[in-house]
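Visitor: Make a model of this:
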Amino acid sequence: MTILITKIFYSCPDIINCIAASYKGLQLNKLRYGKETADLIRQAEEREYWNNDQWNDWKNSQLDKIIKSARNTPYYNSLKLTIKDDFLSNIPILTKKEIKKQYENFIVNDRNKKKMYHEYTSGSTGTPLSLWFDQETVRIWYAMSERRWRNWYGVSKEDKWAIF
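Guide: Numbering: from 1, shown residues only. Modelled structure (predicted):
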């Protein structure tokens, strides 16, 4: 489907491409930023000043969330691991080939794939990957980007900027 859309896009007049690109940009902006963005940016800033105990507590709570999500995927659920330490020590090393072969088995069971954002890696090693993100994950990622890429340097979302 993506190849067909790409062919259609490049066969259209420039004005249609501009409209389509602007529409896609609006969709991406809506996906990436919401009413909770300012709070997510503030939380990221607060974490910059945490002590080791605060970081350890936060990392452990995040690890618990990751393990819970992993156990609710077809792939990791099939491993039948029971406790946190057992789970972490027995997770197999994954290859891109394995992920590509069964990427849908890495999507958490309670997620609706139709409501997820589909992204591809560039394939700089010759093997691009197909990745799926829920809106919460995308918004957290962009809030972190706002904090670390822009706010540290006094650049706002509205400013024009580039990364080299």
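Visitor: okay, and for this structure, where does confidence drop off?
Guide: Scanning the chain with the threshold set as pLDDT under 70 gives 1-2, 82-87.
Visitor: What ranges does it have for its strands?
Guide: Secondary structure of the chain by DSSP state E: the strands cover 117-120, 130-133.
Visitor: Kindly state which of those is positioned closest to residue 100.
Guide: strand 130-133 (7.1 Å; Cβ to Cβ). Bear in mind the C-beta positions are built from the backbone N, C-alpha and C, glycine included.
Visitor: and that closest one, what does it pack onto?
Guide: Strand 130-133 sits against strand 117-120, with contacts defined as 3 or more Cβ pairs under 8 Å, 6 or more residues apart in numbering; DSSP states H and E.
Visitor: what are the pairing partners of the strand it packs on, and which direction each?
Guide: Partners of strand 117-120 in the sheet, by DSSP bridges, are strand 130-133 (antiparallel).
Visitor: picking that back up, minimum distance to residue 161: which of the strands of the chain has it?
Guide: Closest among these, using Cβ to Cβ: strand 117-120, at 21.7 Å.
Visitor: Using PDB, list the CA coordinates for that closest one.
Guide: Extracted in PDB, the C-alpha atoms of strand 117-120 (Å, rounded to 0.1, in the frame of the first residue of the first chain):
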ATOM      1  CA  TYR A 117       1.400   5.000  14.500                       C
ATOM      2  CA  HIS A 118       3.400   2.900  12.000                       C
ATOM      3  CA  GLU A 119       7.000   3.900  11.400                       C
ATOM      4  CA  TYR A 120       9.900   2.300   9.500                       C
END
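Visitor: That strand: how far from the chain's middle?
Guide: 8 Å (Cα atoms, centre = their mean, to the nearest Å).
Visitor: before we move on, back to that, adding mean neighbour count and distance to residue 75 as columns, could you present the strands of the chain in CSV?
Guide: CSV is the format used below for the strands of the chain (neighbours: other Cβ atoms under 10 Å; distance: least, Cβ to Cβ, whole Å):
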stretch, mean neighbour count, distance to residue 75
strand 117-120, 12, 18
strand 130-133, 15, 13
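Visitor: Which of those sits closest to residue 160?
Guide: The nearest among these, by Cβ to Cβ, is strand 117-120 at 24.1 Å.
Visitor: Identify the residues contacting the closest one?
Guide: 31, 128, 129, 130, 131, 132, 133, 134, 135, 138 (Cβ atoms under 8 Å, 6 or more residues apart in numbering).
Visitor: circling back to that earlier point, how about the strands of the chain in JSON lines, adding distance to residue 89?
Guide: What follows is the strands of the chain, written out as JSON lines (distance: least, Cβ to Cβ, whole Å):
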{"stretch": "strand 117-120", "distance to residue 89": "30"}
{"stretch": "strand 130-133", "distance to residue 89": "26"}
